[in-house]
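> Got a sequence here, can you build the structure:
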Amino acid sequence: MPKRDDIPLCCCEYISEDGERSHLLATFCNCEAIDEAFERLFTLKPSQTESVEKIMDTISDRLRIPWYGGAKKVPLDVGSAVVFVFFTILLGCFSWTITVITYVVILPGVLVSVHRLLRRKAVRDSISTYGIGRSRDVKNYPRSKFYFAWLTTSAALLLAVYYTQVIAYLKISAFENLVFMCFTCVSCTSLYLVRATSCAGFESPSRRGDKMYEEVIESGAWRICGDCEKQVPRQASHCRTCDTCYLLRDHHCVWLDTCVSCVNDRWFVIGLAFGLPALCYGAHLSLTAVCHPYLLDLYFTTVLFPHQCPNAFLDLQSSLAISGACYSILLGTFVAVILIQQLVCVVGGVRLREYRQRRQLPGQASFWSFRYAFKNCINFWWR
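Numbers count the residues shown, from 1 in each chain. So this is what the prediction gives:
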């Protein structure tokens, strides 16, 4: 008879960090760290830092999903983002008051708190500068998949609510649905290409096998990065989150978990430009399907506007549609702010990090002019 350790893992089994064979049904069993934390809570004793770390390690190890060949571990930041998005949409289904509080207070507050928590975990590394023995402290920001998981889960849930609840009202025409899907597909494809095409954008002379790379560096076209101590072009910038250099780096986008540079910045702007009307138009279709619309004759067409919503929260279908529409409006506001920021940088012919740095300099004059706006736009799209 084969030993239990020799039997292949089923979809709900896994090997724990202690090297023991465990099952998903035993997730809430034999957790000494949580038992100790509750004991300290009931006895009014302060919790220790080591106990909290043990609880987080236990949750991270046992947070898994069934999978072929053994249960797969789900990163804690990804799992918390998915649960948070589900909870947020469901919380906005009760009434108008709770919906406004959820999307105006709770959701932005949680995102700001998570962002500050991750910033506090920045690691300071002592590195040498230019390889001559000197050292200095550099703050490297940790990478997290929370934002990217939150964005993808939000998009998936909003589309699911639209096609399962809003379309069921049978008030949306095929043409309106086609326009909405065109905006959505172009935006999602462009944002996917931002991640897929992200790269340094250059290749160092030493990697190309150029024996004269020292002369190239001395010429001023290349330099040694003080952070990663690699050969980079003069216009390259180091990202402290990715811990690498990018040519003409714009900024590090936490929502896509990648850097935006001269390689993928155009895809980024296109994704935002099509994502904003997709969110606004989806919210408009949802609200006009649930609420009684107001007809406005505009030139040769009729535009619908949501007017009265007396039956907004009578059933789960209408509640989910209203909650999804409000969520889309909030996301659209975030996207509009980012898009305006990017367009200002494009018109000004600067990168976002340069714009932020120059704004912080007191008494400095404006660094872009409308006279060169058209030229900067041409250089951005057809460089």
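> just the helices in the stretch 201-350 of the chain please.
213-218, 265-290, 316-348 (DSSP state H, counting those that start in this stretch).
> so what secondary structure elements neighbour the longest one?
For helix 316-348, the helices and strands in contact under the criterion 3 or more CB pairs under 8 Å, 6 or more residues apart in numbering; DSSP states H and E are helix 76-91, helix 96-101, helix 146-161, helix 265-290, helix 352-359, helix 373-381. Using the backbone N, CA and C atoms, a C-beta is placed for each residue, glycine as well.
> returning to what we had before: of the helices of the stretch 201-350 of the chain, which is nearest Val161?
helix 316-348 (4.0 Å; CB to CB).
> What residues of that closest one count as buried?
Buried residues in helix 316-348, counted by 16 or more other CB atoms under 10 Å: 318-332, 335, 338-339, 342, 345-348.
> Show me the strands in the stretch 1-150 of the chain, by range?
For the stretch 1-150 of the chain, the strands defined by DSSP state E, counting those that start in this stretch cover 13-15, 21-23, 64-65, 72-73, 123-128, 135-140.
> domains for this protein, by residue range?
4-74, 145-197+264-348, 200-249 (automatic domain parsing).
> In CSV, list those along with mean pLDDT and distance to Thr102.
CSV is the format used below for the domains of the chain (pLDDT from 0 to 100; distance: least, CB to CB, whole Å):
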stretch, mean pLDDT, distance to Thr102
domain 4-74, 74, 25
domain 145-197+264-348, 91, 8
domain 200-249, 76, 30
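> ok, back up a step: nearest to Cys239, out of the helices and strands packed on helix 316-348?
helix 352-359 (9.5 Å).
> Could you identify which of the domains of the chain is most buried?
domain 145-197+264-348 (a mean of 18; mean count of other CB atoms under 10 Å).
> end to end, how far does it reach?
Here the two ends of domain 145-197+264-348 are set 32 Å apart, with distance taken as CA to CA, to the nearest Å.
> Begin at 661 from now on, thanks
OK, 661 is where the count begins now, so the last one is domain 805-857+924-1008.
> hang on, Arg673 packs against Gly730?
One correction, residue 673 is Glu, not Arg. Yes - counting by CB atoms under 8 Å, Glu673 touches Gly730, with 6.0 Å between them.
> how about Leu969, what does it touch?
I think there's a mix-up here, since residue 969 is Cys and not Leu. Neighbour list for Cys969: 947, 950-952, 982 [criterion: CB atoms under 8 Å, 6 or more residues apart in numbering].
> Now do the same contact list for the most centrally placed residue in the chain.
The residue lying closest to the centre of the chain (CA atoms, centre = their mean) is Trp915, at 1.9 Å. Counting by CB under 8 Å, 6+ apart, Trp915 touches 807-808, 810-811.
> Pro668 too?
Gly729.
> Can you pull the phi/psi pair for it?
Per-residue torsions, Pro668: phi -60, psi 150 (degrees, to the nearest 10).
> what's the spacing between stretch 820-827 and its chain's center?
23 Å (CA atoms, centre = their mean, to the nearest Å).
> Likewise for stretch 932-948?
Going by CA atoms, centre = their mean, where stretch 932-948 is centred and where its chain is centred differ by 19 Å.
> Run through who's touching it.
By CB under 8 Å, 6+ apart, stretch 932-948 touches 818, 821-822, 826, 831-832, 836, 839-840, 843-844, 846-847, 850-851, 964-966, 969, 981-982, 984-986, 988-989, 991-992, 995-996, 998-999, 1002.
> Check the gap between Val995 and Phe934 for me.
10 Å (CB to CB, to the nearest Å).
> How about Leu956?
On the measure of CB to CB, Leu956 and Phe934 end up 25 Å apart.
> now do Ala981
23 Å.
> do the same with Leu830
Noted for Leu830: a distance of 27 Å to Phe934, by CB to CB.
> ok, now Cys888?
Distance of Cys888 to Phe934, computed by CB to CB: 35 Å.
> just Tyr941 next, same as before
11 Å.
> In PDB, list the C-alpha atoms belonging to stretch 731-742.
What follows is stretch 731-742, C-alpha atoms only, in PDB (Å, rounded to 0.1, in the frame of the first residue of the first chain):
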ATOM      1  CA  ALA A 731      -4.400  23.900  -4.400                       C
ATOM      2  CA  LYS A 732      -2.600  27.100  -5.600                       C
ATOM      3  CA  LYS A 733      -1.600  29.900  -3.300                       C
ATOM      4  CA  VAL A 734      -3.300  33.200  -3.900                       C
ATOM      5  CA  PRO A 735      -1.200  36.200  -3.000                       C
ATOM      6  CA  LEU A 736      -2.600  38.100   0.000                       C
ATOM      7  CA  ASP A 737      -2.700  41.400  -1.800                       C
ATOM      8  CA  VAL A 738      -4.600  39.900  -4.800                       C
ATOM      9  CA  GLY A 739      -7.100  38.100  -2.600                       C
ATOM     10  CA  SER A 740      -7.800  41.100  -0.500                       C
ATOM     11  CA  ALA A 741      -8.300  43.300  -3.600                       C
ATOM     12  CA  VAL A 742     -10.800  40.800  -5.100                       C
END
